[in-house]
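Student: with the input below, show me the fold.
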Amino acid sequence: MELRHLRYFCAVAEELNLTRAAERLHMAQPPLTRQIKHLETHLGAPLFQRHSRGLVLTPAGQFFYEHALQILEKIDVTVTSTRHMARSKHRTFGIGFVPSVFYGQLPLLVRGLRQKDDLELTLSELITVQQVQALKAGRIDMGFGRLLIDDPEVEQEVLFEEPMMVALPAGHPLENTRPTLAQLATDPLILFPAKPRPSLADMVLGLFRRHGLKVQVAQEANELQTALGLVISGLGITLVPEQVSRLKRDGIVYAYLADSGITTPIICSRRKGEVPSEIMLAANKILNVLVENRRSGRYP
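Tutor: Numbering: from 1, shown residues only. Predicted coordinates:
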């Protein structure tokens, strides 16, 4: 199997029409048809169902399409990065993160890595599901999120558990208290991020559900800052990880929960089985110190 076979297949899978796919690939239809049949024979599975109105992907075809896209994307990223490295003396290292981890250890990790003169550091705001895809495609090298994702190509490490807090509008009756979830369930709830899911929003909903509590979702926001702005406006309350409380804004107060066992993890994701580069080793060393400081109470 060659890369061109993957490109041919993806074009047909996206067009679901051999004629249009052939035009898109700037080739004749008969050779394209032969290549797809050859691919199916090689895989030992039908990739398409033929109908009078066009083609439909089989379950095997859908599975192969999703993975073929990842392979092609990773190759494109690798080629682009290689060309970039050839033109530059700088090495590159990409970090993905969810917004709620950017108020604790992550800025210190970034600051430590930026001390390296020959390193080009890129930061991407991505939820955990997106980080996994970006790791597999080679767009980032390390991710920081809050969800455990089962993927054989990615390894995840829980760095520590972080207490959850509630963000309340200033003057709220529960200000200066340690409210219970039952007390919080009586207020309209603001969730973030609204999409894509699963995300921290699902963790929060699951938390109330496990305690047998129903909540009224007043609003869903895509951005953390938007969610906090809605709290300030009095539209509701929102649950946030502890480090978000370091973000001070007029009109908002933070309170620890009555149940100190309600926490959310900080999870580091990396590509599985990859020999760590010099930059990765340096990042891990800095991260280990930061995590130990956090666990021993030397915050952040």
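
Student: so what's residue 112 up against?
Tutor: Contacts for residue 112 (C-beta atoms under 8 Å, 6 or more residues apart in numbering) come out as 282, 286. Every residue, glycine included, has its C-beta placed from N, CA and C.

Student: that one sits in which helix or strand?
Tutor: With the criterion set as DSSP states H and E, the secondary-structure element containing residue 112 is helix 106-113.

Student: what's the answer for residue 49, then?
Tutor: Under the assignment given by DSSP H and E, the secondary-structure element containing residue 49 is strand 48-51.

Student: now stretch 26-37, how far from the centre of its chain.
Tutor: Its chain's C-alpha centre and that of stretch 26-37 lie 37 Å apart, by C-alpha atoms, centre = their mean, to the nearest Å.

Student: hang on, I meant stretch 201-219
Tutor: Taking the mean C-alpha point of stretch 201-219 and that of its whole chain, the gap between them comes to 21 Å (C-alpha atoms, centre = their mean).

Student: span of that stretch from start to end?
Tutor: Criterion C-alpha to C-alpha, to the nearest Å; first-to-last residue distance in stretch 201-219 is 11 Å.

Student: buried ones in it?
Tutor: The neighbour-count criterion (16 or more other C-beta atoms under 10 Å) identifies 201, 204, 207-208, 215, 219 as the buried residues of stretch 201-219.

Student: tell me the mean pLDDT over stretch 32-46?
Tutor: Average pLDDT, stretch 32-46: 91.

Student: in the helix holding residue 112, what counts as buried?
Tutor: For helix 106-113, burial by neighbour count (16+ other C-beta under 10 Å) applies to 106, 109-110, 112-113.

Student: and the next helix or strand past that helix?
Tutor: Moving toward the C-terminus from helix 106-113, the first helix or strand encountered (DSSP H and E) is strand 119-125.
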